[in-house]
Structures are given as structure tokens and as C-alpha cells.
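[1] here's my sequence, what's the structure:
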Amino acid sequence: MQYLPWISLLDELRAIQFLVEHETLSGPVNLCGPEPVTNAEFTRALGRAAHRPAPWRVPAFALRFALGEAAGELALISQRVVPSVLEKAGFSFAHTDLERALAACL
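    Predicted structure coming up:
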């Protein structure tokens, strides 16, 4: 499964402001939405939000053929990231799921 981190622009800006205001937080902080999604889930949600069909999947071998070794780092990489530092510090997201974030954006 290929995971894809996401975050709404509003939540990213709010998270940065939150971190500036909470000087006691240090170290790495993941700026990403609270619910990780797969690339397939993201594609379907984007299609619904844009009112466009998203019926096709590109197989990994086709990406490797087209992009060569770069496919692994550009298109096939997977990051299942969660914002645990932000959540533990009490940050609350305006867009808790991808559907709401895309609806707000589009």
C-alpha cells in the first residue's frame, strides 16, 4: 500500500502558528493531516471533490519504465505519517479528514 501524507493549507498555517506560540515544543513535527490515506483513496477523494472521474490506475512497472530509477523516489514512495507531536500538544485540526480538506480547498 502506498500512503500519501496530506494537510489542508488552513491547517498547515494554523499548525505553524501553533508551533511558534508553543516555544516548549521542539524536535521534528509532522505537518500532515490526522488521518493517513493511501494514494488510491486520495485519488478517489480528489475525483469526487473535483466532480471528475478517476477510473485508471497506473501500475508500478509502467512508472518504472517511464521514469526509470527515479520512479521509486518520485512516484512510488510511501510515507504513513501521523501528526503525533501536534496532537499530544493539543492542536485541533479544522479539517480532520481528506474529504473535508478537499471540499474546503476546491
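[2] show me which helix or strand of this protein is least confident by mean pLDDT.
    One helix or strand of the chain scores below all others by mean pLDDT, DSSP states H and E: helix 71-74, with a mean of 63.
[3] just checking, next helix/strand downstream of that helix?
    Per DSSP states H and E, helix 71-74 leads on to helix 84-88 as the next helix or strand towards the C-terminus.
[4] as PDB, could you dump the C-alpha coordinates of that next one?
    Taking Å, rounded to 0.1, in the frame of the first residue of the first chain, the C-alpha atoms of helix 84-88 are listed here in PDB:
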ATOM      1  CA  SER A  84       1.500  12.800  17.000                       C
ATOM      2  CA  VAL A  85       3.500  15.700  18.400                       C
ATOM      3  CA  LEU A  86       0.900  18.200  17.400                       C
ATOM      4  CA  GLU A  87      -2.000  16.100  18.700                       C
ATOM      5  CA  LYS A  88      -0.200  15.400  22.000                       C
END
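[5] after it, which helix or strand is next?
    For helix 84-88, the following helix or strand on the C-terminal side (DSSP H and E) is helix 98-105.
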